[in-house]
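S.K.: I'd like to go over a predicted model; first the sequence, then the structure.
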Amino acid sequence: MTSILVYSEAEGHRSFDDLSLLPSLLANKRNQVWVDFEGPAPEAAESLSRDFHFHTLAIEDCISETLLPKIDDYGDYIFLVLHGARTMADETFVTAEVNFFLGPNYLVSYHDEPSRSISQARERCLRGGPSITRGVDFLLHEILDAMVDHYFPVLDQFDAIIDQIEEEVFAHPDRETLNKIFSMKKEVMHLRRVAGPQREILNRLSRDPLKVISPTAAVYFRDVYDHLARITDLAESYRDLVTSALDAYLSVVSNRLNEIVKLLTIFTATLMPLTVITGIYGMNFENMPELHTRYGYFIVIAVMAAITVGMLAFFRKKKWL
Amino acid sequence: MTSILVYSEAEGHRSFDDLSLLPSLLANKRNQVWVDFEGPAPEAAESLSRDFHFHTLAIEDCISETLLPKIDDYGDYIFLVLHGARTMADETFVTAEVNFFLGPNYLVSYHDEPSRSISQARERCLRGGPSITRGVDFLLHEILDAMVDHYFPVLDQFDAIIDQIEEEVFAHPDRETLNKIFSMKKEVMHLRRVAGPQREILNRLSRDPLKVISPTAAVYFRDVYDHLARITDLAESYRDLVTSALDAYLSVVSNRLNEIVKLLTIFTATLMPLTVITGIYGMNFENMPELHTRYGYFIVIAVMAAITVGMLAFFRKKKWL
Amino acid sequence: MTSILVYSEAEGHRSFDDLSLLPSLLANKRNQVWVDFEGPAPEAAESLSRDFHFHTLAIEDCISETLLPKIDDYGDYIFLVLHGARTMADETFVTAEVNFFLGPNYLVSYHDEPSRSISQARERCLRGGPSITRGVDFLLHEILDAMVDHYFPVLDQFDAIIDQIEEEVFAHPDRETLNKIFSMKKEVMHLRRVAGPQREILNRLSRDPLKVISPTAAVYFRDVYDHLARITDLAESYRDLVTSALDAYLSVVSNRLNEIVKLLTIFTATLMPLTVITGIYGMNFENMPELHTRYGYFIVIAVMAAITVGMLAFFRKKKWL
Amino acid sequence: MTSILVYSEAEGHRSFDDLSLLPSLLANKRNQVWVDFEGPAPEAAESLSRDFHFHTLAIEDCISETLLPKIDDYGDYIFLVLHGARTMADETFVTAEVNFFLGPNYLVSYHDEPSRSISQARERCLRGGPSITRGVDFLLHEILDAMVDHYFPVLDQFDAIIDQIEEEVFAHPDRETLNKIFSMKKEVMHLRRVAGPQREILNRLSRDPLKVISPTAAVYFRDVYDHLARITDLAESYRDLVTSALDAYLSVVSNRLNEIVKLLTIFTATLMPLTVITGIYGMNFENMPELHTRYGYFIVIAVMAAITVGMLAFFRKKKWL
Amino acid sequence: MTSILVYSEAEGHRSFDDLSLLPSLLANKRNQVWVDFEGPAPEAAESLSRDFHFHTLAIEDCISETLLPKIDDYGDYIFLVLHGARTMADETFVTAEVNFFLGPNYLVSYHDEPSRSISQARERCLRGGPSITRGVDFLLHEILDAMVDHYFPVLDQFDAIIDQIEEEVFAHPDRETLNKIFSMKKEVMHLRRVAGPQREILNRLSRDPLKVISPTAAVYFRDVYDHLARITDLAESYRDLVTSALDAYLSVVSNRLNEIVKLLTIFTATLMPLTVITGIYGMNFENMPELHTRYGYFIVIAVMAAITVGMLAFFRKKKWL
């Protein structure tokens, strides 16, 4: 699905979907042109090459998935790959690649799947929203700002899960908690790998002297950079929290189990002398004087009780109980 | 609550709370003007835009909470976000964000909650204290210096808790100690995340050539930077101490428990042969010659005692006891 | 096996294998000459020195194996050592060193073993493929691009093995899983050591102002650099995943074993009081009133059952079961 | 205690203790003046301000303890904070802060406690030693050189303790060894925190173009830097050794204990079948044919012996013994 | 032992051992002079000062042991400290310090113990080898190249030991293996500390613009740098391998022991119910009907066998066996 959005002071906002109009629209330098390719459009690659004359490498990178974000400055235009994020039902998050070409009076966006940030921006433009009227660099800022803001629900979800994990760890840690910790660890690792390099890209967008981004727009990209810096900072702190939670889990589980084993061992050890005593008086020797005394049995029972009490007292004194 | 404090050589210190006076006060370049907005003041955002013409992005960042400290140089003024700290009753600490705009002859501070550093600075000014008379950059230094100094009670508290933890670890480590270690770890992590980036901000304040900070004032900001450097240095060393305490705890607890289990196992193993012997002479075979000897029983009891003594001697020789 | 491939606009592609033609071929600056030495060719060292006048050190490094990639800029030519990779049947991968000299109108490649990337490039050239016609720097790019692309099957294999390991760890971890984790760890470490330094070399190839690489070609080397950056990034993430898998393995195995030991200890502890009771009534005292009661035996059996049930209930209440 | 030491070519070495002479002594630029304040001298702060006109911040830092070393270049003079070290009886070490102001023809030293390095330097000067005659920068070098050299006995002590720890770990590790390891770890951490930042200060002293240090003296400060570099390098290696010793301790202790538990478990398991057998023939069934055989008892004893031998052989074959 | 070796185009190679000739030999700028001091020669320090006028600090560093390598550029000459290595019989390696002064037409080497690299270089020179004829900087390269190459046997030894350790770890890990791992760890740490800083020195030798090293010689020092880079790279990878081997050892040993303990616990638990049953029928109650049945004994034995089989089946089903 391809859509073209044009703004000029003279004619206001207009919307097209016929790529053959592009040459004439681009030729008029007063037009601000936004072309959006959604899904694997066969005509996209052709148009990028024929209408825009982009570098072959950039077009290849645009069509294929690159996983790492990038910014390539070709002088007259820049090529940008960034990744949006959204949370999934199973408490993970997925990323979606969006490619941009930003030229003096045009913005080209290319993405395989529908993107909330882009559709919202288009709607705002069609309703006469201001961004495109200030230039395509401001339009790009608006889209990137929305893409980065969509990371915050992911962070909120992480926050909630980590809180829950921490509570579980100290209250009732079980195997399920361990699974949660490990999958959270993977999610946080994923987030760091996704957000970190994008921060660098935004840093370059806002600081490098790029021909196609006006100094007034650069300040706004700086703001997006700050948001990404906060995201990576939070990701770092989540990583520390998850690692800490894992350490806590292992300590708590190990302590708990060791406590149980210790108690059971004490229990067994306390009963051990009793079996020896009963064993002694269960022997069949003919000549065992105690067996024939009147209160022998009761004395032995009393001795056994005394031993039990004595041992427990001993263990308690040693602080083993 | 909004308060305006003005100093000029001609008229000395004056205090207002009517924002409509601002344009005329600011117009007189001989005035040193300090405007303080406390709490979410609806008129604040309006005034920042109307009276000071600050950049929209800076105003947005000022009104909302940003978590990460920042310094943005807009040429005629700088925008600064920093965080103060105070200890809580439950041995944690909380931070509070304070935003500053520093211009050629004005300082604007904006904070949601009351700030000790700011109220103390205001009182000192009203009593004719010198800082504002040397310029608003010196006034900013006075406030920042107080904010940073308020971190030291937090550090002292940490110091005391870590000392207590270390003592507990070697004297009587229990589950409670583990909880303390983990919550201390979180507090120290928090402190590092808060103090580290602020140090960078102060570094830039004291080293970057900023139009609104005079070279004589920059030296003073260097001093604040030194304090923050010491705070981050201490935070690092606390982190090492807490990690070390956790390692010590795990070693000590594990050693202690293993010692107990070893002793109990030795105890059980020592009694095991006795049950076998009593078992043997408890068997009901008709033809068991020993049973009919006169001293059989006493000999067996003696043998059992000898085995017990022998095993304990063996364990002791092996250094297991 | 030595092969010479020459392209000139006038005469098109030609192929030789006689080194004595080299001086005349190189003398004509319109020729683009590619000399490939495969296997330890005794005449190679001689030719590198006599026909190309390369620096002694470079020739030595070329002939011997150097393990670390390198780029040496000698002004008129550069010397390059890089390593290709291919997967083995036993799920490991091996690297093969390829040395290059790139001059103004010649490329020399030297490798001990046959190289897929080089043979494919030669075939494409012989079939009239375009790369050498654009200059020897584009030819070098084509070969390096292929070498780097051959790393991706290695990464795919790693991906599959790590997935399998992760599944095994949580489903049925055994000694074999541990072996797999450790050998995977070694493989990933190997990959990082191989890919990381090569990325730096490619970075210099694409950014440094080198006399023998035209600016239009440098953009293409940038693309190879991006691929290597992605490889090292994936290698990093594999390392994290393997470390995480090892942690998970140790936790799961330890938990599992501890669970078993706990259950068995509970079982033993539950039976322990029973042996004490049976011991008591197995004693041979003359005066043991209970022995002569009518239902004594049945009562004792009932008590023993009650104790067992009671202890199990106690353990369950304590959440030990 | 305040002492003033003056050298001039004309009048040689002279010593005073009256601060009121300072202005005239400093006024003569041919004098090399060294003022040493020891202990919290109330007149010190006053003199620093009145006689030397040092910056307020520097004086404050000088009077109070700063913990972190620092160098501040005020153009006409530099302010320096460094820390000396000495070993204590309990195998720890303490540091003492020394503050310096170095001007064109004067050196001011300020320290709360007596300092060996400084008293030795004073004695050498009074006996006509050469350092002050070459300028106050050489005098500063002499003092710093002595301060840094006093770290080496600390390192030697560490060396000895670590050797002892390592021997203990493998020979007879006990709880005491663990305490030693942890306190050594703290000491080494302390040393790193003390020596590392000082190395940076010396680096700046020897490399930065400072007005008050002549190039010929800078070479000598480079030498002090080298000593500090060696100290930090040794501290790093001690840290590795201590960490390694801790790992070794934990492994050895755990292995040792596990060995004991394993042996005892084998012992118990070997006796277990015997108690079952004796139990069987201790049962009171009327119809138990074996009981009435002539050699039943002896056969059972033989069977029990055979079982014991067989189990031990089995364990030995399995390499469990 | 002191030896002087001189080369000039006019008179070829000559060898002396009389230090009093030095001034005249050095005065002739066409002479390339190499002075080698071996062992603590009392005349060395004197000659370094009198004949060469080296800086006092450099002479002190030369005479004493410095442990850290260094390069000091004094303009007319450089002072260099490096360390050679050789393997010992007990699978460790030792380093030996060699000091160099390189001037425009002289090289001074100073070392306490005999050095293979230096004696070989001297022999080659005396046999008319080329290095000194190209200048003393080439002579220095020849010596350093030999010193660095002597590290490779150390690395080969490490390689062999680590291979052996890895095999042992998985095949038959015992206490001895642990000792080997820890001593290997120390050796590898030692190697890293020795090789890393030397690489930096060689980096400066080959890159810094030094007056006494000609650009043609600098390329050769680059080659030595590459060798050291490979050594440090291998040292890093050995460190990873040893750490990995330690982790594997701990896992394998712990798993193995836990397996044994689990099996023994299962064994004990299986026999436990049998002792309870025999205990029951060993009780002396008068009224125990089962005792008087004809097949009671046999039924009980059968029940005991059934319980044993049933429990083993249960454990096997649970995958505990």
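M.R.: Happy to help now that I have it. Residues are numbered from 1 along each chain as shown, chains lettered A, B, ... in the order given.
S.K.: helix or strand for the residue of chain A found nearest chain B, which one?
M.R.: Taking Cβ to the nearest Cβ as the measure, chain A has A:G279 as its residue closest to chain B, at 2.9 Å. The C-beta positions use only the backbone N, C-alpha and C, and glycine is treated the same way. The secondary structure element spanning A:G279 is helix A:215-281 (assigned by DSSP states H and E).
S.K.: what's that helix packed up against?
M.R.: In terms of contacts (3 or more Cβ pairs under 8 Å, 6 or more residues apart in numbering or on different chains; DSSP states H and E), helix A:215-281 is packed against helix A:136-149, helix A:151-171, helix A:175-207, helix A:296-317, helix B:56-63, helix B:175-207, helix B:215-280, helix C:215-281.
S.K.: Which residues of chain A lie near chain E?
M.R.: Chain A has residues A:G282 near chain E, with proximity defined as Cβ under 8 Å from any Cβ of the partner chain.
S.K.: what number of residues lie near the residue in the stretch 151-300 of chain A that chain E sits nearest to?
M.R.: Per Cβ to the nearest Cβ, the residue of the stretch 151-300 of chain A with the smallest distance to chain E is A:G282, at 6.9 Å. By the other Cβ atoms under 10 Å in any protein chain shown criterion, the neighbourhood of A:G282 contains 27 residues.
S.K.: pLDDT value on it, please?
M.R.: Looking at A:G282, its pLDDT reads 93.
S.K.: coming back round to it: what is the burial count for the residue of chain A closest to chain B?
M.R.: 27.
S.K.: Quick check: it touching B:M272?
M.R.: No: under the criterion of Cβ atoms under 8 Å, A:G279 makes no contact with B:M272, lying 11.2 Å away.
S.K.: Chain neighbours aside, what residue packs nearest to the residue of chain A closest to chain B?
M.R.: If you skip the residues right next to it in sequence, A:G279 has B:T278 as its closest partner in space, 2.9 Å away by Cβ to Cβ, 6 or more residues apart in numbering or on different chains.
S.K.: Is chain C within reach of stretch A:53-67?
M.R.: Yes: when contact is scored as Cβ under 8 Å from any Cβ, part of stretch A:53-67 falls within range of chain C: A:55, A:57, A:61, A:66-67.
S.K.: Next: stretch A:172-189.
M.R.: Yes: for stretch A:172-189 and chain C, the contact criterion (Cβ under 8 Å from any Cβ) is met by A:172, A:175, A:178-179, A:182, A:185-186, A:189.
S.K.: With distance to B:R199, pLDDT and neighbour count added, can I get the residues you listed in CSV?
M.R.: As requested, the residues of stretch A:172-189 next to chain C are arranged in CSV below (distance: Cβ to Cβ, whole Å; pLDDT from 0 to 100; neighbours: other Cβ atoms under 10 Å in any protein chain shown):
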residue, distance to B:R199, pLDDT, neighbour count
A:H172, 41, 85, 12
A:R175, 43, 81, 14
A:L178, 37, 87, 21
A:N179, 39, 88, 13
A:F182, 34, 88, 21
A:K185, 29, 90, 21
A:K186, 32, 89, 17
A:M189, 28, 89, 19
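S.K.: starting at the chain centroid, how far to stretch A:137-145?
M.R.: With Cα atoms, centre = their mean, to the nearest Å as the basis, stretch A:137-145 stands 24 Å off its chain's centre.
S.K.: Same check on stretch A:100-112?
M.R.: Here stretch A:100-112 shows a centroid-to-chain-centroid distance of 28 Å under the convention Cα atoms, centre = their mean.
S.K.: cool, and stretch A:48-58?
M.R.: 34 Å.
S.K.: same question, stretch A:135-152
M.R.: For stretch A:135-152, the separation from the chain centroid amounts to 20 Å (computed by Cα atoms, centre = their mean).
S.K.: Which positions within it qualify as buried?
M.R.: Of the residues in stretch A:135-152, those scored as buried under the neighbour-count criterion (16 or more other Cβ atoms under 10 Å in any protein chain shown) are A:135-148, A:150-151.
S.K.: And the furthest pair within those?
M.R.: Checking the buried residues of stretch A:135-152 against each other with Cβ to Cβ, the farthest-apart pair comes out as A:G135 and A:Y151, at 25.5 Å.
S.K.: For stretch A:71-88, list every residue counted as buried.
M.R.: Of the residues in stretch A:71-88, those scored as buried under the neighbour-count criterion (16+ other Cβ under 10 Å) are A:71-72, A:74, A:77-85, A:87.
S.K.: and the stretch 51-200 of chain A, which residues reach chain B?
M.R.: Close to chain B, as judged by Cβ under 8 Å from any Cβ, the stretch 51-200 of chain A has residues A:F170.
S.K.: which element is A:V94 on?
M.R.: The secondary structure element spanning A:V94 is strand A:93-102 (assigned by DSSP H and E).
S.K.: what angle separates that strand from helix A:151-171?
M.R.: Strand A:93-102 runs at 160 degrees relative to helix A:151-171, counting by axes from the mean of the first three to the mean of the last three Cα atoms, to 10 degrees.
S.K.: Contacts (any at all) between chain C and strand A:93-102?
M.R.: No: interface with chain C: strand A:93-102 contributes nothing (Cβ under 8 Å from any Cβ), its closest point being 13.0 Å away.
S.K.: So what are the sheet partners of that strand and their directions?
M.R.: Sheet pairing here is set by DSSP bridges, and for strand A:93-102 it gives strand A:78-87 (antiparallel), strand A:106-111 (antiparallel).
S.K.: mind checking how far the longest one is from the chain centre?
M.R.: It refers to strand A:78-87. 15 Å.
S.K.: ditto for stretch A:2-9
M.R.: Its chain's average C-alpha position is 36 Å from that of stretch A:2-9, according to Cα atoms, centre = their mean.
S.K.: now do stretch A:63-70
M.R.: Taking Cα atoms, centre = their mean, one finds stretch A:63-70 lying 19 Å from the centre of the chain it belongs to.
S.K.: ends of that stretch, how far apart?
M.R.: The straight-line separation of the ends of stretch A:63-70 (Cα to Cα, to the nearest Å) is 14 Å.
S.K.: in that stretch, what's buried?
M.R.: A:63, A:66-70.
S.K.: who touches that stretch?
M.R.: Counting by Cβ atoms under 8 Å, 6 or more residues apart in numbering or on different chains, stretch A:63-70 makes contact with A:40, A:44-45, A:61, A:79-83, A:97, A:110, A:112, A:197-198, A:201, C:226, C:229-230, C:233, all of which sit outside it.
S.K.: Report the buried members of those residues.
M.R.: With burial judged by 16+ other Cβ under 10 Å, the buried subset of these is A:44-45, A:61, A:79-83, A:97, A:110, A:112, A:197-198, A:201, C:226, C:229-230, C:233.
S.K.: if we can go back for a sec, quick check: of the residues of stretch A:172-189 next to chain C, which lies closest to D:T293?
M.R.: The shortest distance between D:T293 and any of the residues of stretch A:172-189 next to chain C, using Cβ to Cβ, involves A:R175 and amounts to 54.7 Å.
S.K.: so what's that closest one up against?
M.R.: Listed by Cβ under 8 Å, 6+ apart, the contact partners of A:R175 are C:N255.
S.K.: Quick check: can you list the domain ranges of chain A?
M.R.: A:2-252, A:262-317 (automatic domain parsing).
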